[in-house]
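# this one's sequence-less:
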Ligand SMILES: Cc1ncc(COP(=O)(O)O)c(C=O)c1O
């Protein structure tokens, strides 16, 4: 089988022909940022927002952004010409390849850009209808979780806690407050209000999180962003996960105990419908000029 076409520093190549230097700062230090953009029927879901977030991550890391938002979208479209249909595009930018290993950021490096596209796998019908299991853990990650850094060891260790327990995600608490999950944002429902954790350095502000905020407003759901106590999560009526690949999913057991009635709740049903309607509108929309 021939390797799929991927993107490396402006070139489209079979994935198995891409070679990365061992001195690349991404390999040596995890020194880079990334994005994952879902694509439905060839249309990027909130593509601009993804590349605006990439720009913010690169600015924080003091890595030169090699493209404008429009430039990024153009490069992704070149790759997508080889990958029709629903895709998940992974975009990875590192500081580049210095002549030697040194923690200090070398000036004037050309960033390394790698992209690949894989068929998008959205949650199964069963996961949507029955909800998923999660476990809780202490948030032991660093203080800059708002950067979408390729250094994901904290998230990898956190995710493995739920993988070992046969669960979908690990919901994290820092100093008695909800932050997010290993690779998703977390929402709870309390007395008819959707609650989301503050958009600060302790979470990655998901593009899906922001989309939910818009959809809640348009769908007249009560939505509040505020610090959420661990006890509020443990006693929530509903808990949801969001991410570019999970869309919005209900959590129906937490640490083995049912969440609310133990089935996806009424506000989840409403939000899931709003999300699916948004996707359907995106797919029907004319292609951008
Ligand atoms: C730690 C973390 N939080 C939140 C998210 C959700 O972000 P998005 O909705 O942009 O996919 C992700 C996605 O990968 C993540 O890794």
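Noted; the coordinates are in hand. As the structure is a prediction and not an experimental result, all values here were calculated from the model.
# Please determine how far residue 43 is located from residue 285.
Residue 43 is 7 Å from residue 285, where distance means Cβ to Cβ, to the nearest Å. Using the backbone N, CA and C atoms, a C-beta is placed for each residue, glycine as well.
# Comparing the two, which shows the higher neighbour count?
residue 43 (18 against 10; other Cβ atoms under 10 Å).
# since we're on the nearest residue to the more buried one once chain neighbours are set aside, how many residues are nearby?
For residue 43, ignoring the flanking residues on the chain, the nearest one in space by Cβ to Cβ, 6 or more residues apart in numbering is residue 282 at 5.2 Å. Residue 282 has 16 neighbouring residues, counting by other Cβ under 10 Å.
# Could you tell me the per-residue confidence at residue 217?
Listed pLDDT for residue 217 reads 97.
# looking at this, it is in a strand?
No - counting by DSSP: H, G, I helix; E, B strand; the rest coil, residue 217 falls outside a strand, being helix.
# Go through the protein and flag its longest helix.
Counting by DSSP state H, the longest helix found in the chain is helix 266-284.
# buried ones in that helix?
By neighbour count on 16 or more other Cβ atoms under 10 Å, the buried set for helix 266-284 is 267, 268, 270, 271, 272, 274, 275, 278, 279, 282.
# Which residues outside it are in contact with it?
Helix 266-284 is contacted from outside by 40-41, 43, 45, 128, 131, 189, 192, 194, 211-212, 215-216, 218-219, 221, 238, 240, 247-248, 250, 264, using Cβ atoms under 8 Å, 6 or more residues apart in numbering.
# Can you select the buried ones from these in ChimeraX?
Buried residues among the contacts of helix 266-284 (16+ other Cβ under 10 Å), as a ChimeraX selection:
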select :40,43,45,128,131,189,194,211,212,215,216,219,221,238,240,247,248,250,264
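# Just the contacts of helix 266-284: which are in strands?
Per DSSP state E, strands hold the following members of the contacts of helix 266-284: 40, 43, 189, 194, 238, 240, 247, 248, 250.
# State the pLDDT value of residue 268.
pLDDT at residue 268 comes out at 98.
# Report the separation between it and the ligand.
To the ligand, residue 268 is 17 Å away according to Cβ to the nearest ligand atom, to the nearest Å.
# Quick one: mean pLDDT for stretch 131-149?
For stretch 131-149, mean pLDDT rounds to 98.
# again, but for stretch 115-128
Per-region confidence: stretch 115-128 scores 97 on mean pLDDT.
# near the ligand at all, that stretch?
No - shown here: stretch 115-128 not in contact with the ligand (Cβ under 6 Å from any ligand atom), separated by at least 12.1 Å.
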